[in-house]
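Chemist: Task: produce atomic coordinates for the following.
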Amino acid sequence: MKKVLLVSNAHAGSVSMRAKEVISKALSADFKLEVTDTARRSHASELARDAVDRDFDAVVAFGGDGTINEVAQGLVGTDVALGILPGGTTNVMARSLGIPQQPIDATAFVAAHLRSDQKRRVPAGRVGDRYFTFSMGMGLDAEVVRRAEINPEGKRRYGQWLWVKNAFKAGLTEYRKSDPVITLAVEGAEPSNAITVVCCNARPFTYFKRFPVDVCPLARLDAGLDFLSLGKLGAARVAPLAWGLFVDGSHTHWSVNRYHHDVSRASISSTQALPVQVDGDYIGHHEAAEVSLVPDALDLLV
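Modeler: Residues are numbered from 1 along each chain as shown. Next up is the predicted model:
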């Protein structure tokens, strides 16, 4: 009987005790199951590493993208599979992989793949000592994430609308018409200057309600990394930027922006410390970031 660890984040947007009980009962029918809750930041990474050391076959993460990212930290480079049960506000990774959005349906999906040993080996991105499964960024996008994290009550109450509010406030205040302070250096290309840089290992970058937000519209989970550097942002560019992100990807062709597809490594530097995010998780202010692709990094139960 395969050994499975269920890691749940009780503070995630749609995780409930009732749902966890039903999920635990369903998984216990077919697998030797252990259940644990996260108690602090990075705890899920510690639990995943311990599961690797104890020869578990899979770790199933029940929470948002931050919980999934933390579990992935402990599983990259191993053959212990990652199962995903969406329990967050947006659930970017689960939705992009076609995992059912109802946790109970997602449990049946993950269990079926585990029973049949159906896994997909995928690459991951890496910035410093932190891995990411679908995105990282420095500048405006990370500032939006930071503002949401310091207002957890607002995040629970307003959900994605809080992200929209933060994006407009940051975009139309300190980032509006600001001079580029970031330099993006990608292998084989001229360096570009920007106010924000986003790297995607998959698409979309996020969702707003049912609509994908495609910062890097050519990104693919089975390819290299895509980078977008945003050179300027003024009030007149907000509507065209939204059109590009939601509709036609035209923002990637602006003369003030630079788009790089399917690359393995890049350097990001800034003249001042700026916020950095990975998979929608704020990881502090930094002046530099080395970003690279880690091939064949992780087994996903999809």
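Chemist: Could you use CA atoms for every contact and neighbour count after this?
Modeler: OK.
Chemist: Which parts of this structure belong to which domain?
Modeler: As given by automatic domain parsing, the domain ranges for the chain are 3-118, 130-296.
Chemist: weakest of the ones you listed by average pLDDT?
Modeler: Within the domains of the chain, confidence is poorest for domain 130-296, with a mean of 87 (mean pLDDT).
Chemist: ends of that domain, how far apart?
Modeler: Here the two ends of domain 130-296 are set 16 Å apart, with distance taken as Cα to Cα, to the nearest Å.
Chemist: Work out the gap between it and the centre of the chain.
Modeler: From the chain centre to the centre of domain 130-296 is a distance of 11 Å (Cα atoms, centre = their mean, to the nearest Å).
Chemist: In the stretch 101-250 of the chain, mark out all the strands, start to finish.
Modeler: Listed in chain order, the strands of the stretch 101-250 of the chain (DSSP state E, counting those that start in this stretch) span residues 120-127, 130-132, 135-138, 182-186, 192-194, 196-200, 206-208, 211-213, 225-230.
Chemist: what's the neighbour count on the nearest residue to H285 once chain neighbours are set aside?
Modeler: Nearest residue to H285 in three dimensions, chain neighbours excluded: P275, at 4.2 Å (Cα to Cα, 6 or more residues apart in numbering). By the measure other Cα atoms under 10 Å, the count of residues near P275 is 22.
Chemist: And what about P275, helix, strand or coil?
Modeler: Applying DSSP: H, G, I helix; E, B strand; the rest coil to P275 yields a three-state assignment of strand.
Chemist: re the thing from before, which of the domains of the chain sits closest to V302?
Modeler: The closest approach between V302 and any of these, judged by Cα to Cα, belongs to domain 3-118 at 6.5 Å.
Chemist: can you give me the helices for the protein?
Modeler: Along the chain, counting by DSSP state H, helices occupy 17-28, 43-53, 65-75, 92-96, 103-115, 140-149, 152-158, 160-171, 235-243.
Chemist: Point out the most buried one among the ones you listed.
Modeler: helix 65-75 (a mean of 25; mean count of other Cα atoms under 10 Å).
Chemist: Determine how far it lies from the middle of the whole chain.
Modeler: Distance of helix 65-75 from its chain centroid, counting by Cα atoms, centre = their mean, is 9 Å.
Chemist: And stretch 93-106, by the same measure?
Modeler: With Cα atoms, centre = their mean, you get 15 Å for stretch 93-106.
Chemist: And the contacts of that stretch?
Modeler: Contacts to stretch 93-106, defined as Cα atoms under 8 Å, 6 or more residues apart in numbering, come from residues 19, 22-23, 65, 84-87, 109, 133-134, 203-204, 302.
Chemist: cool, stretch 51-66 as well?
Modeler: The contact list for stretch 51-66, computed with Cα under 8 Å, 6+ apart, reads 2-10, 12-15, 48, 67-68, 71, 74-75, 78-93, 279-281.
Chemist: circling back: possible to save the helices of the chain as TSV with distance to A194?
Modeler: Supplementary listing: those in TSV, determined by distance: least, Cα to Cα, whole Å:
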stretch	distance to A194
helix 17-28	44
helix 43-53	33
helix 65-75	26
helix 92-96	25
helix 103-115	39
helix 140-149	10
helix 152-158	28
helix 160-171	14
helix 235-243	15
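Chemist: quick one, which of these is nearest to A288?
Modeler: When the helices of the chain are ranked by proximity to A288 (Cα to Cα), helix 140-149 comes first, at 14.0 Å.
Chemist: Between strand 225-230 and that closest one, find me the angle.
Modeler: Here helix 140-149 runs at an angle of 90 degrees relative to strand 225-230 (axes from the mean of the first three to the mean of the last three Cα atoms, to 10 degrees).
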